[in-house]
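[1] Okay, sequence plus prediction incoming.
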Amino acid sequence: MTPISFIVPAHNEQQLLGRTLSALHAAAMAVGVPYDIVVADDSSTDDTASIAAHHGATVVHVRHRQIAATRNAGAAAARGDLLIFVDADTIVPEETFRATLAAWRGGAIGGGASVHLDGRLPLSARLGMPAFRMGMRAARLAAGCYVFCTREAFDAVGGFDTQLFAGEELAFSRSLWRQGRFVVLPEPVVSSGRKLRTHSAWEVAKLFLAAARGPAVIRSRRHLEIWYGERRHDPDATR
């Protein structure tokens, strides 16, 4: 069995997927561990699948348009003892991958990493991200762009909750707590700040106002356009 599997859920990610996969290859080869990459292509209409294949990934085609189910489909095709879920717009540095392996080999059954955002960001995001990182680490919650766990722990909790269209990584983190030691690493991953660049402050505020109505909001796509709406072009993004 391949010890490490990277699982990348993707929907119309041709703009950023290539750099994400290149970074995963570079980190794994620098460390020298056997690995595979699975891209779960969910209903893409662009070149996502061909870019994934060009970068040596196994491509799983699904039509869920739901992140939790798509992550689970990728895990079903993966062969690793350690599953690392990486968003298609996220760069995993070698140091973070090494820290992940050290945590796993030290007995952790799962965890996440510190999250930094690339490119131009609104002032509110620049001011708020340090508190966000500190809060997520203190609460032992993994951000969705980087979550890892053992295959055994993943199977024990039944994967990601497919009733959730957002926040599934938080519920997953809490489920993993019951299986063993769960850590949020200080080492960072670098995710795209595109949602904050391509959506207005009012659109982001509406999301939080909707979420305040209760958990029913995240059980539907209705108020979650930031994640499930049409992909907006980010001029700051690079391949």
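    Sure thing, it's come through.
[2] And the strands in this structure?
    4-10, 35-42, 58-62, 82-86, 90-91, 110-117, 146-150, 182-191 (DSSP state E).
[3] Tell me where the chain has helices.
    Secondary structure of the chain by DSSP state H: the helices cover 17-31, 48-54, 67-77, 94-105, 123-138, 151-157, 168-177, 194-198, 201-211, 225-228.
[4] Pull the number of nearby residues for the closest residue to residue 10 other than its chain neighbours.
    Using CB to CB, 6 or more residues apart in numbering and skipping the chain neighbours, the partner closest in space to residue 10 is residue 88 (4.2 Å). Quick note: C-beta positions are derived from backbone N, CA and C, even for glycine. For residue 88, the neighbour count with other CB atoms under 10 Å is 26.
[5] Next: residue 118.
    Applying other CB under 10 Å, we find 18 other residues in the vicinity of residue 118.
[6] now the one 10 residues further on
    A count of nearby residues for residue 128, using other CB under 10 Å, gives 13.
[7] So, low pLDDT: which residues of the chain?
    1, 199, 201-202, 204-217, 227, 237-239 (pLDDT under 70).
[8] Spit out the contact partners of the most centrally placed residue in it.
    Nearest to the geometric centre of the chain sits residue 145, at 2.6 Å (CA atoms, centre = their mean). Applying CB atoms under 8 Å, 6 or more residues apart in numbering to residue 145 gives the contacts 86-87, 89-90, 115, 189, 191.
[9] wait, which of these is closest to residue 231?
    Using CB to CB, residue 89 comes nearest to residue 231 of these, at 10.6 Å.
[10] show me what contacts the closest residue to the closest one other than its chain neighbours?
    The shortest distance from residue 89 to any non-neighbouring residue, by CB to CB, 6+ apart, is to residue 192 (3.8 Å). Residue 192 makes contact with 16, 89-90, 117-119, 234, 237, according to CB under 8 Å, 6+ apart.
[11] Among the strands of the chain, single out whichever gets nearest to residue 156.
    Relative to residue 156, the nearest member of those by CB to CB is strand 146-150, separated by 9.0 Å.
[12] Pull up the pairing partners for the closest one, direction included.
    Applying DSSP bridges to the sheet, strand 146-150 is found paired with strand 82-86 (antiparallel), strand 110-117 (antiparallel).
[13] Please produce TSV containing the ones you listed, extended by mean neighbour count and distance to residue 26.
    Output for these, formatted as TSV (neighbours: other CB atoms under 10 Å; distance: least, CB to CB, whole Å):
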stretch	mean neighbour count	distance to residue 26
strand 82-86	25	13
strand 110-117	22	17
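[14] Dump those to a markdown table, plus distance to residue 152.
    Formatted as a markdown table, the strands paired with strand 146-150 follow (distance: least, CB to CB, whole Å):
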| stretch | distance to residue 152 |
| --- | --- |
| strand 82-86 | 10 |
| strand 110-117 | 10 |
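[15] Go through the ones you listed and name the closest to residue 95.
    Smallest distance to residue 95 across the strands paired with strand 146-150 (CB to CB): 10.2 Å, for strand 110-117.
[16] that older thread, in terms of distance to residue 45, which of the contacts of residue 145 ranks first?
    Ranked by distance to residue 45 (CB to CB), the contacts of residue 145 are led by residue 89 at 17.5 Å.
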